[in-house]
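Participant: predicted structure and sequence below. I'll ask about it afterward.
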Amino acid sequence: DVKVTQSSRYLVKRTGEKVFLECVQDMDHENMFWYRQDPGLGLRLIYFSYDVKMKEKGDIPEGYSVSREKKERFSLILESASTNQTSMYLCASSLTAFYGYTFGSGTRLTVV
Amino acid sequence: DQQVKQNSPSLSVQEGRISILNCDYTNSMFDYFLWYKKYPAEGPTFLISISSIKDKNEDGRFTVFLNKSAKHLSLHIVPSQPGDSAVYFCAASAGSNYQLIWGAGTKLIIKP
């Protein structure tokens, strides 16, 4: 089974801090995704990557950047955390573009 | 503009009865639909999918129905069990598009 591991389950950061969320998958998947989940809004795509060093903006990229230096690792960076970035962040990987997403357990980030 | 809509934020069903979760979409280019299930503090997990060439797909207690003319799909769970209590997300894809478009989710509560 594919395993997607997110480095932290819970994080509390201060406004203005630079925040790194790490995601690692162990099944050699090409595609990796970062979502945030907010009540009533479902899953919104922040960024995705379909290959090493490749990245594409999703629906809500503002305030975020990503890094994919190795196939198995996809990092989400909040350049200067703000309170409206308090959310559940979910990483996923998939073999094909739209099928068989495997999600990590999520990181609940609180920005104070 | 939400392309995938789950209009019921929550649904309460008696154990043993049928649960019906609904999803509407606006983009006629969508040709692949998926349902994911999410427990609190976990990432979503794949449940069942259907391609637009079919109007029904069944997997055990779970059946997904697709009505292309109405741009509507539904997930039926029969019989409902306490472990089915979770948030259910509907998602759609337009073929080779990398992105899944997600609904806002419906929280299903199974009452004993």
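Facilitator: Looks like it came in fine.
Participant: which residues touch the spatially most central residue of chain A?
Facilitator: The centroid of chain A falls nearest to A:W34 when counting by CA atoms, centre = their mean (2.9 Å). Contact analysis of A:W34 by CB atoms under 8 Å, 6 or more residues apart in numbering or on different chains lists A:21, A:23, A:45-48, A:58, A:64, A:66, A:74, A:76, A:89-91. (Glycine included, C-beta is placed from N, CA and C.)
Participant: for the residues you listed, which one is nearest B:K111?
Facilitator: Minimum distance to B:K111 across the contacts of A:W34 is 28.3 Å, recorded for A:L90 (CB to CB).
Participant: host element of the closest one?
Facilitator: Using DSSP states H and E, A:L90 sits within strand A:87-94.
Participant: for that strand, packing partners?
Facilitator: The helices and strands touching strand A:87-94, judged by 3 or more CB pairs under 8 Å, 6 or more residues apart in numbering or on different chains; DSSP states H and E, are strand A:4-6, strand A:19-25, strand A:31-38, strand A:73-78, strand A:102-103, strand A:107-111.
Participant: for B:N7, which of those strands is the nearest?
Facilitator: B:N7 lies closest to strand A:31-38 among the helices and strands packed on strand A:87-94, at 17.6 Å (CB to CB).
Participant: low-scoring stretches of chain A, by residue?
Facilitator: Residue ranges of chain A with pLDDT under 70: A:1-2, A:97-98.
Participant: OK, contacts around the residue in chain A that chain B sits nearest to?
Facilitator: Of all residues in chain A, A:F103 sits closest to chain B, at 2.9 Å by CB to the nearest CB. By CB under 8 Å, 6+ apart, the contact set of A:F103 is A:4, A:90-92, B:43-45.
Participant: excluding its backbone neighbours, what's nearest it?
Facilitator: B:G43 (2.9 Å; CB to CB, 6 or more residues apart in numbering or on different chains).
Participant: just give me the neighbour total for that neighbour.
Facilitator: 21 (other CB atoms under 10 Å in any protein chain shown).
Participant: residue contacts, it?
Facilitator: Each residue near B:G43 by CB under 8 Å, 6+ apart is listed here: A:4, A:90-92, A:102-106.
Participant: out of those, which are buried?
Facilitator: The neighbour-count test (16 or more other CB atoms under 10 Å in any protein chain shown) applied to those identifies A:4, A:90-92, A:102-104, A:106 as buried.
Participant: for those residues, which two are the farthest from each other?
Facilitator: Among the buried ones among the contacts of B:G43, A:T102 and A:G106 lie farthest apart (CB to CB), at 12.8 Å.
Participant: ok so, going back, so how far is A:E79 from the residue nearest to A:F103?
Facilitator: 25 Å (CB to CB, to the nearest Å).
Participant: same thing with B:F33?
Facilitator: Noted for B:F33: a distance of 35 Å to A:E79, by CB to CB.
Participant: picking up where we left off before, max pairwise distance over the contacts of B:G43: which two?
Facilitator: A:T102 and A:G106 (12.8 Å).
Participant: pull out the buried positions in stretch A:78-96.
Facilitator: Neighbour-count burial for stretch A:78-96 [16+ other CB under 10 Å]: A:78, A:81, A:85-94.
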